[in-house]
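Enquirer: Provide a 3D model corresponding to the input given below.
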Amino acid sequence: MIELKAYQGLIRNHKQLADQLHVDVAGCTRHEREKRLMTAAYEAWGDQMGLHVNGQFGAVFCDTETGELFCVRDVLGAELLFYYETADGRLLYGTQIRDLFDQPGFVRDLNEDLIQFYLGLSYIPGEETLFKGVYKVEPGGFVRFGENGLERGRYWDLAFDPDETKTLDDWADALSDAMDESMRDICDADEQPDSFLSGGVDSSYMLAKSRARTGFCAVYANQEASEEAEARATADYLERGFEGIEVTPEEFFATLDEFLLAYEQPTSDAAGLSLYCACKQVKQRTDLCFSGEGADEFFAGYNGYQNTSRFEKGSDPVYYGATQAMRALDQKHYLKRYCKARPVADFMRQRGAGGRAYDTVSWMLYTDLRSYFEGSILFNSTKISRGTGLDIRMPYCDLRIFDIALHMPSRFKVDATGNKLALRKAASRVLPKTVAYRKKLGFPVPIRDWLADSAYNGDIRRAFKSEAAAKFFEQKELDALLSMFLGGKTNLWHKLRYRGNTGPLWRRVWSIYVFIRWYELFFQDAAK
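Expert: Next comes the predicted model:
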């Protein structure tokens, strides 16, 4: 007998699965319906079940006769699933890391080698976590645990297969149809969604294609960092409601601890924390909200995808992904212990190795899909949803839309004139061209000004002198960094080292502070 031991997810093709597997789900809640379907899918297709499910899921099954455990995660990695092998040979599992903490045999230790990964990328990529021995099941992967021990496997591998027979209009048609299908299946008829809305094309097109009532936008007193005016104009054009959700610096810094406890891993993505603050307010207004994750990573939406020439000079280039917070040289300057055997460059080179068979844009997309998209973008969305209680659903993260991205040639995604070309073409049919072809702003947060304000940086000053800081970082380097950022005194050597490179100093201050505070919360405070 198969027993479903743990499950989180959202199945889009539940009607087709119920018919195909002959499962009666009449009268079931969505969660109960999906648990029945997932169990039946595993009974029918075994470790290949993930190929038949369009949706996000993390699931653990147990064969009650043999005791074998089977842990599986969706293709994109939109849902989370963690596991840990104890010293006495048992497998612990959970859809959150904290699910493991109180289970017998779990030892909470720091995976110190990965601090440099966090500093370098702003998040933790790959299977490992900052908790030693705690791993994520990989997207499109599974873990089997039984009498033969632990076996890792895959039921799906990322691969591009460009179709050269279609025109730009053909791809726009395909995207339009797939978006309609996604919107049809992402909600039940009795569920009423709302939507996040920025000034960009992704969220604007999502709102235009949906039946969402209201567009919610994170806004700031500093209007230069807000997209409120553009988002409001789009909502008015589509005759939807609109509400700007103001995030204040007081709320931003006061929410950090709650955010890190929910996130469970450190992240220096300021936009993620701002969104968390906004979601807490949105939750007071609605239960279900659409979000636009996936459009940039599927259809080359970041500006960096237009700059491929930088990878054509060397024979073995490394693409660090859509974010590179700190170079290896800087990691060495700040860290007391830098692990030379595990440079971030080697990890990212290996992560993108399977994409070297494709053109440069596809290689970059391949690398981002196997690192930044899963490890930061989707991780962020899932953790914010869990932490705030707001049901966040992602229309672009539909396998029908993803399949289009895998078959669309790069020239229909990006060229010298712009990015997300086919998506913008589709959007221009239902939105003004000024919206469909608006340049990406990237969810700006006025954090640089906030960090420089003595009204808000008091705990950063404390943290840089803390026990945790002394444990992992070179104190003189932290002092020089903070002094340089705040315009204080520093020695000639540091002035020369930072000369012409002071722009990203706030990122370093924020990244180091977030790690220190994360460590205090999960290791020092937890030990008290």
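
Enquirer: need the strands for the stretch 51-200 of the chain, in chain order.
Expert: Secondary structure of the stretch 51-200 of the chain (DSSP state E, counting those that start in this stretch): strands at 55-63, 69-73, 82-85, 91-94, 134-136, 141-146, 149-154, 194-196.

Enquirer: no wait, the stretch 201-350 of the chain
Expert: 214-219, 241-246, 288-290.

Enquirer: just to revisit the earlier point, quick check: which of the strands of the stretch 51-200 of the chain is nearest to Trp363?
Expert: For Trp363, the closest of these is strand 149-154, at 20.0 Å, according to C-beta to C-beta. C-beta coordinates here come from the backbone N, C-alpha and C atoms, glycine included.

Enquirer: compute the inter-axis angle for the closest one and strand 141-146.
Expert: 160 degrees (axes from the mean of the first three to the mean of the last three C-alpha atoms, to 10 degrees).

Enquirer: nearest to Gly199, of the strands of the stretch 201-350 of the chain?
Expert: strand 214-219 (8.2 Å).

Enquirer: each with direction, which strands does the closest one pair with?
Expert: According to DSSP bridges, strand 214-219 forms sheet pairs with strand 194-196 (parallel), strand 241-246 (parallel).

Enquirer: okay, these in JSON lines with mean neighbour count next?
Expert: As requested, the strands paired with strand 214-219 are exported to JSON lines (neighbours: other C-beta atoms under 10 Å):
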{"stretch": "strand 194-196", "mean neighbour count": "25"}
{"stretch": "strand 241-246", "mean neighbour count": "17"}
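
Enquirer: quick check: which of those strands is nearest to Arg342?
Expert: strand 194-196 (36.4 Å).

Enquirer: can you give the distance of the closest one from its chain's centre?
Expert: Counting by C-alpha atoms, centre = their mean, to the nearest Å, strand 194-196 is centred 18 Å from the centre of its parent chain.

Enquirer: secondary structure class for the residue most central in space within the chain?
Expert: When C-alpha atoms, centre = their mean is applied to the chain, the residue found nearest the centroid is Ile377 (1.7 Å). Three-state call for Ile377 (DSSP: H, G, I helix; E, B strand; the rest coil): helix.

Enquirer: swap in the one 5 residues further on?
Expert: With three-state DSSP as the basis, the three-state label of Thr382 is helix.

Enquirer: lowest average confidence, helix or strand, in this protein?
Expert: Taking mean pLDDT, DSSP states H and E as the measure, the chain has helix 492-498 as its least confident helix or strand, at a mean of 66.

Enquirer: low pLDDT regions in the stretch 201-350 of the chain?
Expert: 223, 314 (pLDDT under 70).

Enquirer: which parts of the lengthiest helix in the chain are buried?
Expert: Counting residues, the longest helix found in the chain (DSSP state H) is helix 168-185. For helix 168-185, burial by neighbour count (16 or more other C-beta atoms under 10 Å) applies to Trp171, Ala172, Asp173, Ala174, Leu175, Ser176, Ala178, Met179, Glu181, Ser182, Met183, Asp185.

Enquirer: possible to save those residues as a markdown table with distance to Asp403?
Expert: Formatted as a markdown table, those follow (distance: C-beta to C-beta, whole Å):
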| residue | distance to Asp403 |
| --- | --- |
| Trp171 | 12 |
| Ala172 | 16 |
| Asp173 | 15 |
| Ala174 | 9 |
| Leu175 | 11 |
| Ser176 | 15 |
| Ala178 | 8 |
| Met179 | 13 |
| Glu181 | 11 |
| Ser182 | 12 |
| Met183 | 17 |
| Asp185 | 15 |
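
Enquirer: export these to CSV and tack on pLDDT and distance to Asn13?
Expert: Output for those, formatted as CSV (pLDDT from 0 to 100; distance: C-beta to C-beta, whole Å):
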residue, pLDDT, distance to Asn13
Trp171, 98, 23
Ala172, 98, 24
Asp173, 98, 22
Ala174, 98, 18
Leu175, 98, 19
Ser176, 98, 20
Ala178, 98, 13
Met179, 98, 16
Glu181, 98, 10
Ser182, 98, 11
Met183, 98, 14
Asp185, 97, 7
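
Enquirer: among those, which one lies nearest to Gly55?
Expert: Asp185 (8.9 Å).

Enquirer: correct me, but that closest one touches Gln16?
Expert: No: Asp185 is beyond contact range of Gln16, at 9.4 Å (criterion: C-beta atoms under 8 Å).

Enquirer: on that earlier part again, between the strands paired with strand 214-219, which one is nearest to Phe252?
Expert: Nearest to Phe252 among the strands paired with strand 214-219 is strand 241-246 (10.8 Å), distances taken as C-beta to C-beta.

Enquirer: return the closest one as CSV; C-alpha atoms alone will do.
Expert: C-alpha atoms of strand 241-246 as CSV (Å, rounded to 0.1, in the frame of the first residue of the first chain):
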residue,chain,number,x,y,z
GLY,A,241,-9.2,47.9,-9.3
PHE,A,242,-5.8,49.1,-8.1
GLU,A,243,-4.1,49.7,-4.7
GLY,A,244,-0.6,50.8,-4.0
ILE,A,245,0.7,49.0,-0.9
GLU,A,246,3.3,51.3,0.8
